[in-house]
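Chemist: Give me a model of this one.
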Amino acid sequence: MTAAADIIVTKAEHSKLKDINLENIPFGKYFTDHMLEVDYEDGEWKNAEIKPYQPLLLAPSLAALHYGQAIFEGIKAYKNADGEAFIFRPYDNFKRFNISAERMAMPQVPEEIFMEGMRMLIDIDKSWIPSQKDHSLYIRPFMFSSDEMIGVRPSEKYKFLVILSPTGPYYAAPMRINVEEKYVRAVPGGVGFAKAAGNYAGAMYATAQARLKGYDQVLWTDALEHKYVQECGVMNVFFVIGNTAVTPDLNEGTILAGVTRDSVIMLLKEMGYNVEERAISIDEIIEAHKAGTLKEVFGTGTAATISMIKTLNYKDYEMNFDVETWEASPEVKRRMDAIKNGVAADNHGWMYKI
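Modeler: Predicted coordinates:
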């Protein structure tokens with residue numbers, strides 16, 4: 001097995017950073033000077049290398065291209081006022097990555113490759129971490145099957161990589177959301193809880209249809225009744241009803257166990273809100289809105305962190321919110337940002353120092 005000491009480092013001759021302005025940088029467009037690449041062959045991880053960011057040479061018969069055996073994670077790194085670099089809750093992403101790998105019949109990535117390889121990579125490219133408000137270094141670990149043959153079976157070879165991208169806000173403005181009634185994201189027994197690439201491909205058409213109607217994203221509902229809400233686009237979702245924040249539970253395996261979701265739950269409780277993880281129907285949401293008790297609706301995720309929802313539409317019933325009056329989600333974001341940026345104490349042990 002490859003150990004951290006076996007990771008070969010080949011540095012780029014010149015940095016691309018001098019040609020890029022890190023202020024107001026778009027999400028996922030630019031990538032740092034280096035990447036981590038590791039091969040899985042003959043039942044073990046080998047050929048671990050941090051090297052200049054570059055294209056991959058892949059065969060047309062590559063198994064991942066035909067059968068979609070691919071998973072990924074999304075993590076972020078930040079700098080505090082002293083210029084020290086930290087990663088937000090990376091061990092939680094490491095654990096979830098291997099949960100996804102198991103569901104997709106892929107090998108487990110050892111901690112010394114995932115965690116130490118990522119740490120070494122960020123340490124080399126830490127000058128790419130933006131310091132502007134709502135900016136960060138987005139970390140993308142991913143793995144795909146690399147057998148060069150056509151045949152429906154788990155591969156014998158895989159590639160694990162980590163790439164880095166300096167980024168600004170994912171959703172800059174509050175969103176307009178349409179409740180999806182026809183298409184589904186996940187079903188019980190499926191792969192909704194895994195961060196599998198195909199989950200995102202399958203969601204694109206419904207999202208495109210919503211945008212044609214003037215909405216930014218869809219609020220997914222369950223596959224059987226289209227009654228109970230699941231995720232909002234690629235995010236977990238919260239509804240503040242009175243002094244209670246409700247978010248769909250994870251029991252059926254149709255919802256990703258978001259690291260930001262878990263962080264928000266902790267912070268909301270610290271702020272004095274009751275938090276309920278349970279099934280919540282669109283009917284209950286509409287009833288709360290009509291009664292005036294539905295105070296806030298927002299999404300949570302690594303890319304967006306907290307994304308306010310200003311409009312939620314179901315059939316012909318449109319719920320509009322004045323986000324400027326909200327209290328819960330802005331305060332959650334403020335507290336989380338303070339921890340990430342080293343302004344507030346990290347009482348939960350969320351920040352992993354590079």
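Chemist: ok, Val184 - contacts?
Modeler: 220-223 (CB atoms under 8 Å, 6 or more residues apart in numbering). C-betas here are computed from N, CA, C, even on glycine.
Chemist: can you give me the strands in the stretch 101-250 of the chain?
Modeler: Secondary structure of the stretch 101-250 of the chain (DSSP state E, counting those that start in this stretch): strands at 136-145, 158-167, 175-179, 217-221, 229-232, 236-241, 244-247.
Chemist: List the strands paired with the fourth one, with their directions.
Modeler: Each strand that pairs with strand 217-221, with its direction, by DSSP bridges: strand 175-179 (parallel), strand 229-232 (antiparallel).
Chemist: can I get the ones you listed in TSV with distance to Ser155, mean pLDDT and mean neighbour count?
Modeler: Formatted as TSV, these follow (distance: least, CB to CB, whole Å; pLDDT from 0 to 100; neighbours: other CB atoms under 10 Å):
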stretch	distance to Ser155	mean pLDDT	mean neighbour count
strand 175-179	37	97	22
strand 229-232	28	97	26
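Chemist: The ones you listed into CSV, with extra columns for distance to Phe193?
Modeler: Listed next are the strands paired with strand 217-221 as CSV, based on distance: least, CB to CB, whole Å:
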stretch, distance to Phe193
strand 175-179, 22
strand 229-232, 11
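Chemist: Low-confidence stretches in the stretch 151-300 of the chain?
Modeler: Within the stretch 151-300 of the chain, the stretches with pLDDT under 70 are 171.
Chemist: What ranges does it have for its helices?
Modeler: For the stretch 151-300 of the chain, the helices defined by DSSP state H, counting those that start in this stretch occupy 197-212, 259-270, 282-291.
Chemist: For Lys227, find the nearest of the ones you listed.
Modeler: When the helices of the stretch 151-300 of the chain are compared by CB to CB, helix 282-291 sits nearest Lys227, at 6.4 Å.
Chemist: How far does the closest one sit from its chain's centre?
Modeler: 29 Å (CA atoms, centre = their mean, to the nearest Å).
Chemist: for that helix, which positions count as buried?
Modeler: Going by neighbour count (16 or more other CB atoms under 10 Å), the buried part of helix 282-291 is 282, 284-286, 288-289.
Chemist: Other residues contacting it?
Modeler: Contacts of helix 282-291 with the rest of the structure, by CB under 8 Å, 6+ apart, involve 179, 221, 227-229, 239, 241, 294, 297, 312, 314, 317, 319.
Chemist: now the angle from it to strand 217-221?
Modeler: 120 degrees (axes from the mean of the first three to the mean of the last three CA atoms, to 10 degrees).
Chemist: deepest of the helices of the stretch 151-300 of the chain, which one?
Modeler: Highest mean neighbour count among the helices of the stretch 151-300 of the chain (mean count of other CB atoms under 10 Å): helix 259-270, with a mean of 20.
Chemist: Which strands and helices lie in contact with that helix?
Modeler: helix 90-103, strand 236-241, strand 244-247, strand 274-277, strand 294-301, strand 305-314, helix 328-340 (3 or more CB pairs under 8 Å, 6 or more residues apart in numbering; DSSP states H and E).
Chemist: hang on, the earlier thing: out of the strands paired with strand 217-221, which is closest to Phe72?
Modeler: strand 229-232 (16.3 Å).
Chemist: tell me the contacts of Glu252?
Modeler: Pro188.
Chemist: any idea how far it is from Ala105?
Modeler: 21 Å (CB to CB, to the nearest Å).
Chemist: Next: Ile7.
Modeler: Applying CB to CB to Ile7 and Ala105 gives a distance of 26 Å.
Chemist: quick one: which of these two has more around it?
Modeler: Shown here are Ile7 and Ala105; by other CB atoms under 10 Å, Ile7 has more neighbours (19 against 11).
Chemist: secondary structure class for the closest residue to the more buried one other than its chain neighbours?
Modeler: In space, and not counting its chain neighbours, Ile7 is closest to Ala48: 4.5 Å by CB to CB, 6 or more residues apart in numbering. Classification of Ala48 using DSSP: H, G, I helix; E, B strand; the rest coil returns strand.
Chemist: Mind pulling up the pLDDT for Ala48?
Modeler: Note on Ala48: pLDDT of 98.
Chemist: Surely it is in contact with Gly117?
Modeler: Yes: using CB atoms under 8 Å as the test, Ala48 is close enough to Gly117 to be in contact (6.6 Å).
Chemist: Can I take it that Ala345 is in a helix?
Modeler: No: remark: Ala345 does not belong to a helix; assigned using three-state DSSP, it is coil.
Chemist: And the contacts of Val184, which is closest to Arg153?
Modeler: Once CB to CB is applied, the member of the contacts of Val184 that ends up nearest Arg153 is Ala223, at 27.1 Å.
Chemist: contacting residues around the closest one?
Modeler: Contacts of Ala223 by CB under 8 Å, 6+ apart are 184, 186-188, 254.
Chemist: swap the cut-off to 10 Å and go again
Modeler: Ala223 sits next to 183-188, 190, 192, 230, 252, 254 when contact means CB atoms under 10 Å, 6 or more residues apart in numbering.
Chemist: Can you tell me how far the closest residue to Ser263 other than its chain neighbours is from Phe94?
Modeler: Closest residue to Ser263 in three dimensions, ignoring its sequence neighbours and counting by CB to CB, 6+ apart: Met336, at 6.3 Å. As defined by CB to CB, Met336 lies at a distance of 20 Å from Phe94.
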